[in-house]
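*Asks:* Take a look and give me a structure for this.
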Amino acid sequence: MPESTADHPASLLKLLVQAAHAVELRLLAELPPGLSATVRPAHLTVFRHLAADGSRITDLAEAAGMTQQSMGELVTHLQRQGLVERRTDPRDRRARLVVCTPEGRAVLDSAAAAIAAIEDAFAERSGRPALADLKRLLGDLVAETAPPPRATAGAPRTDA
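*Replies:* Model prediction:
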């Protein structure tokens, strides 16, 4: 028989995942009518990693830790909704960049407002110093656990 959860407090990973999921659902609920039915939590992955001047599918997929095919499907869905478009990369005419459309930027603006409201609600309940501490600690955790940078082609290995 499994022991009660009181005997086993939730792990840091479980709490982080639950918090991220709750924030994403709240963020989606705050989007303008019609968009919350179109944009799902998985689609936020595209926006989360999309550079202001556009990103290649390969870079988005790598940043998200998913296959290019899966990222391509997410981008295609958002493109059909008019939130992103694919353009020729001016630095390499053979490559394509995914960029936000004006409608996609409106989604990002709505998301930023929703995140600010979520942070304000947390600060109201727990205090601004607690919010600042939480953000600092999470930043420290990210820095502490980030994988080492990947070697680029032609760069000398430093672990040999």
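
*Asks:* the longest strand in this protein is where?
*Replies:* Longest strand in the chain, counting residues (DSSP state E): strand 92-100.

*Asks:* Buried ones in the helix or strand following it, by neighbour count?
*Replies:* Remark: after strand 92-100, the chain's next helix or strand is helix 102-126, criterion DSSP states H and E. Within helix 102-126, the residues that qualify as buried are G104, V107, S110, A111, A114, counting by 16 or more other CB atoms under 10 Å. Using the backbone N, CA and C atoms, a C-beta is placed for each residue, glycine as well.

*Asks:* Can you name the helix or strand that the residue most central in space within the chain falls in?
*Replies:* Note on the chain: the residue nearest the mean C-alpha position is R48, at 3.2 Å, using CA atoms, centre = their mean. Using DSSP H and E, R48 maps to helix 41-49.

*Asks:* which residues touch that helix?
*Replies:* 21, 24-25, 27-28, 55, 59-60, 63-64, 66, 71, 74-75, 77-78, 84, 98, 100, 104, 107-108, 111 (CB atoms under 8 Å, 6 or more residues apart in numbering).

*Asks:* Now list the buried members of those residues.
*Replies:* Applying 16+ other CB under 10 Å to those flags 24, 27-28, 55, 59-60, 64, 66, 71, 74-75, 77-78, 84, 98, 100, 104, 107, 111 as buried.

*Asks:* for E85, helix, strand, or coil?
*Replies:* Counting by DSSP: H, G, I helix; E, B strand; the rest coil, the backbone at E85 sits in strand.
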